[in-house]
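In: Provide a 3D model corresponding to the input given below.
(one chain, ligands or ions: 1)
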Amino acid sequence: MIAIGNDHTGYEMKMAIIEYLEKNGIEYKDFGCGKVDASDYPVYAKAVCKAIQNKECDKGILICGTGIGISITANKMKGIRCALCHDCFSAEATRLHNDANVLAMGARVIGIGHAIKIVDTFLNTEFSNQERHIRRIEMMEED
Ligand code: RB5
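Out: Prediction:
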């Protein structure tokens, strides 16, 4: 189950991603926002990440204007590894190396077609499970 959320800048991109998810039979839960003039990205980052923390969803997708505010918020939450990716190489690498569980993108940075390719790469790449990557991920949680 994929959790998806966005602020006002990301609504159109979110809807295109939802269309991709539906076409591919991928289950999702939409945490908003809907079509509004303005909204606060931390609200949606926290809703998506809480759904991952409580295991309601396995992975998340977050969109704001740059992808920065929403990814910073997500990465403050325990157990969340949110990767801001604007290219497929990074989306693949962050799944292989970081076991990223949330993908963030900036709707003002890249086009919708590119974003869909990035989502496709992110969702279809498994974690490598290599010992050195497991060790580094565990180190992230240490004080
Ligand atoms: C909203 O104007 C914008 O600040 C937000 O979408 C995001 O880019 C913040 O990081």
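
In: Could I get the full set of strands for the chain?
Out: Secondary structure of the chain (DSSP state E): strands at 2-6, 28-30, 59-64, 82-84, 102-106.

In: and this structure, which residues reach the ligand?
Out: 7, 9, 41, 64, 65, 66, 68, 69 (Cβ under 6 Å from any ligand atom). Where C-beta positions appear, they are placed from N, C-alpha and C, glycine not excepted.

In: residue boundaries of the helices in this structure?
Out: 11-23, 41-53, 68-75, 88-98, 112-123, 131-140 (DSSP state H).

In: before we move on, the earlier item: list buried residues within the residues of the chain next to the ligand.
Out: Taking 16 or more other Cβ atoms under 10 Å as the criterion, what is buried in those is 7, 9, 41, 64, 65, 66, 69.

In: Let's have the helices of the chain in a markdown table, adding mean pLDDT and distance to residue 35.
Out: Converted to a markdown table, those look like this (pLDDT from 0 to 100; distance: least, Cβ to Cβ, whole Å):
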| stretch | mean pLDDT | distance to residue 35 |
| --- | --- | --- |
| helix 11-23 | 98 | 5 |
| helix 41-53 | 98 | 14 |
| helix 68-75 | 98 | 18 |
| helix 88-98 | 98 | 27 |
| helix 112-123 | 98 | 16 |
| helix 131-140 | 98 | 36 |
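
In: Take those helices and lay them out in TSV including distance to residue 1.
Out: Supplementary listing: the helices of the chain in TSV, determined by distance: least, Cβ to Cβ, whole Å:
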stretch	distance to residue 1
helix 11-23	10
helix 41-53	8
helix 68-75	17
helix 88-98	17
helix 112-123	12
helix 131-140	22
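
In: Of the strands of the chain, which is nearest residue 90?
Out: For residue 90, the closest of the strands of the chain is strand 82-84, at 6.8 Å, according to Cβ to Cβ.

In: what helices or strands is that closest one leaning on?
Out: helix 68-75, helix 88-98, strand 102-106 (3 or more Cβ pairs under 8 Å, 6 or more residues apart in numbering; DSSP states H and E).
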